[in-house]
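Novice: Quick one: sequence plus predicted model below, questions after.
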Amino acid sequence: MSLLITRHQLQILQSLGVRINHPPEAESLRIPNAPFGMETHTNHPYEGAMPLGAYSYSHSYAPLVSEIGRYVSIGAGLKVTENTHPTDRISTSPAFYAPRKFTQWGGAKAALPTLTPFEPVAETVTIGHDVWIGGDVRIRAGVHIGTGAIIAAGSNVTKDVPEFAIVGGVPAKVIRMRFSPLTIARIRDLAWWRFAASDIAPLDTGAPERFLDALDTQINAGAIAERPEKRFLLRKFLRSRAFRVPPDAS
């Protein structure tokens, strides 16, 4: 199933905080149906919408990513690789499990019942908050990228990435941690991504310890309010009352 979004709908989405990049001259945009929820204040590639949390953007469309946290930055060329062949059998070849291949390559139809079927599990990738993924990264299906992680460009991620780790390489390995264990514990406790960018930007984001001190003070004083997570399905959103307004209505 795909979604057809008119220019007017794209403009409404942008005014509501959801930007789907598209050629300026395009009268409409057809993208795959987005089966996973997103938040507003997000930027999506023209190939398809991603399940982005608030203040996140992606230059890549990867349909096997099922959840992305807030404040996430994703470069171009992200690919999710599936395990499409069995690895625990005598052979990985579809000659031994795919009837079409078996008969194409000379197998007798009478022998088809002897084939052992193989159905790959459709696993998805999940991504935490404040993750930065460089360009041309490959992530194996089923992997979770922890909050605060950074993945170097060109990496091949084959296993879960710890929170706040910087990883890189083929296969990707931990290069170093972004912060000390004490600072990581404080970040987890305060979970700054719960708040709107406009509320936390003045708290000196360039100095992590001062930022955490200031945020802690603001929270204890009741001076800052958490922004609740509100995800929605794009298909249902396009059918909502917001899109029933005629293009020329004032």
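Specialist: On my side now, so go ahead.

Novice: where does this protein dip in pLDDT?
Specialist: Counting by pLDDT under 70, the chain contains low-confidence ranges at 241-250.

Novice: Name the residue closest to the centre of it, please.
Specialist: The centroid of the chain falls nearest to residue 68 when counting by Cα atoms, centre = their mean (4.0 Å).

Novice: my read: it touches residue 53, true?
Specialist: Yes: at 5.8 Å, residue 68 and residue 53 qualify as touching, with contact defined as Cβ atoms under 8 Å. Yep, even glycine has a C-beta here, placed from its N, CA and C like the rest.

Novice: For residue 116, see how far away the residue nearest to the centre of the chain is.
Specialist: 36 Å (Cβ to Cβ, to the nearest Å).

Novice: now residue 99, nearest residue through space, not along the chain?
Specialist: Spatially, and ignoring its direct neighbours in sequence, residue 99 is nearest to residue 112 (5.3 Å; Cβ to Cβ, 6 or more residues apart in numbering).

Novice: so the one you found, which of the three states?
Specialist: The assignment at residue 112 comes out as helix when based on DSSP: H, G, I helix; E, B strand; the rest coil.

Novice: report the longest helix in this structure, please.
Specialist: Residue-count comparison of every helix in the chain, with assignments taken from DSSP state H, identifies helix 208-220 as the longest.

Novice: Remind me what that helix packs against, helices and strands.
Specialist: Packing contacts for helix 208-220, counted by 3 or more Cβ pairs under 8 Å, 6 or more residues apart in numbering; DSSP states H and E, involve helix 181-190.

Novice: Can you spell out which helices and strands pack onto the helix it packs on?
Specialist: With contacts defined as 3+ Cβ pairs under 8 Å, 6+ apart, the packing partners of helix 181-190 are helix 208-220.

Novice: Next, the angle from the helix it packs on to helix 181-190.
Specialist: Angular relation of helix 208-220 and helix 181-190 on a 0 to 180 degree scale: 30 degrees, by axes from the mean of the first three to the mean of the last three Cα atoms, to 10 degrees.

Novice: Which helix or strand lies directly C-terminal to helix 208-220?
Specialist: Reading on from helix 208-220 to the C-terminus, the next helix or strand found by DSSP states H and E is helix 234-238.

Novice: Now do that following helix: which elements does it pack against?
Specialist: Helices and strands touching helix 234-238, by 3+ Cβ pairs under 8 Å, 6+ apart, are strand 2-6.

Novice: Report the secondary structure state of residue 101.
Specialist: When states are read from three-state DSSP, the local structure at residue 101 comes out as helix.

Novice: That one against residue 95, yeah?
Specialist: Yes: with contact defined as Cβ under 8 Å, residue 101 counts as touching residue 95 (5.6 Å).

Novice: which SSE is the residue nearest to residue 48 when sequence neighbours are not counted in?
Specialist: Excluding the flanking residues, the one nearest residue 48 by Cβ to Cβ, 6+ apart is residue 61, at 4.1 Å. For residue 61, there is no enclosing helix or strand under DSSP H and E.

Novice: now swap in the one 5 residues further on and tell me
Specialist: With elements taken from DSSP H and E, the one containing residue 66 is strand 65-68.

Novice: Distance from the chain centre to that strand, please.
Specialist: Taking Cα atoms, centre = their mean, to the nearest Å, the mean C-alpha location of strand 65-68 is offset from the chain mean by 4 Å.

Novice: Tell me the strands beside the next helix or strand after that strand, with direction?
Specialist: On the C-terminal side of strand 65-68, the closest following helix or strand by DSSP H and E is strand 73-74. Sheet pairing for strand 73-74, assigned by DSSP bridges, gives strand 56-58 (parallel), strand 132-133 (parallel).

Novice: helix/strand/coil for the closest residue to residue 85 other than its chain neighbours?
Specialist: In space, not counting the residues next to it along the chain, residue 85 is nearest to residue 92; the distance is 4.2 Å by Cβ to Cβ, 6+ apart. Under three-state DSSP, residue 92 falls in the coil class.
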